[in-house]
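Enquirer: pasted the sequence and its predicted model underneath.
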Amino acid sequence: MKIIMLGAPGAGKGTQAERITAKYNIPHISTGDIFRANIRDNTPLGKKAKSYMDKGELVPDELTCDLVTDRISKDDCKDGYILDGFPRTIAQAEALDKALEKRGESIDFAIDIEVPDEEIVHRMQGRRFCPKCGATYHIESLKPKVEGICDKCGTELILRDDDKPETVKHRLSVYHEQTQPLVDYFEKKGVLKKINGTIGLENVTAEISKVLG
Ligand code: AP5
Ligand code: MG
C-alpha cells in the first residue's frame, strides 16, 4: 500500500500518518521530520534545509527528490509506505512517478486532508513538538499526559521554529501556490481521496480507515 498524505501545513498529515503506520505496519516517511532530524544533528543537509524552513520556504527539489527516491527503495518499503509532505511540487511528483515507473509501481491513494486557512493559523499556535523524538501534541486536541512533557521520551516540548504566525501564513501561501496543484494531479490519476480535516482527530482517523479499507 503506497499512500501520499496531501494537505496544508497543520492539516494533520503527520498525526494521521502515525496512526496509519501503526495499523498497517508500513514506514512513515516525512520529509519534514527527516530535515528536522538533520537540523538537530547539525548535518550538512540540515544546515542547508534550515535556511529555507525557518523562512517557511520549500527546500529545493534537488535536495529533496533523491532523498525520497533512495528511501523508498529500501527493503522496509517493499510492502508499501506513507509519504508525508512529499511530493510538494509538480517537479517532485514527476520525479516520484519516474522512480516508481522504473519499478513498475504506482501510488494507491493520495489522501488530501482539507482544513480552511483560518483554522490552520489557530491550530498551529497550540501545536507542541518534541525536539528529541519528533512526537507532536496539541494543547487542546492531543494533550500529553504531563503538561509540556513528551509521553514517549520525557523531553520538554517546544513550539516548532516555523510555527510563528507570520511563518505559518507564509507556509500557507507557499502551499497554495506550489503544492495545491498536486490535488488536480492526483485526481487525474484517479487516486485522490478528499477527507474533511475539521471533524476532530478521531473522526478523521475513522474516515481515512474507511478509505483504506
Ligand atoms: P513539514 O514538516 O512537512 O510541515 P508541513 O507540511 O508544513 O505540515 P506540518 O507538519 O506543519 O503539519 P501536519 O499536516 O503534519 O499536521 P500535524 O499532524 O502536525 O515541513 C516543514 C518544512 O520542511 C516545510 O515548510 C519545508 O521548508 C520543508 N519541507 C518538507 N518537505 C518538503 C518537500 N517535500 N519539499 C521541500 N521542502 C520540504 O497537526 C497539526 C496540529 O494540529 C498538531 O498539534 C495536531 O495535534 C493537531 N491536529 C491534527 N489533526 C487535528 C484535528 N483533526 N483536529 C484538531 N487538531 C488536530
Ligand atoms: Mg507534519
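Expert: Arrived safely, thanks for sending. Ligands and ions are numbered 1, 2, ... in the order given.
Enquirer: what helix or strand is whatever residue of the chain ends up closest to ligand 1 on?
Expert: Closest residue of the chain to ligand 1, C-beta to the nearest ligand atom: G32 (1.9 Å). From N, CA and C alone the C-beta is placed, and that goes for glycine too. Secondary structure assignment for G32, by DSSP states H and E: helix 31-40.
Enquirer: ok, back up a step: residues contacting the residue of the chain closest to ligand 1?
Expert: Residues in contact with G32 (C-beta atoms under 8 Å, 6 or more residues apart in numbering) are 14, 53, 84-85.
Enquirer: quickly find the element holding the residue located most distally from the centre of the chain.
Expert: Taking C-alpha atoms, centre = their mean, the residue of the chain most remote from its mean C-alpha position is V146, at 25.5 Å. Using DSSP H and E, V146 sits within no helix or strand.
Enquirer: and stretch 51-71, how far out from the chain's middle?
Expert: How far stretch 51-71 lies from its chain's middle: 13 Å, per C-alpha atoms, centre = their mean, to the nearest Å.
Enquirer: ok, and what's touching that stretch?
Expert: With contact meaning C-beta under 8 Å, 6+ apart, stretch 51-71 is reached by 29, 31-32, 34-36, 39, 45, 48-49, 77, 83, 86, 88-89, 91-92, 95-96, 99, 161-162, 167-168, 170-171, 174, 178.
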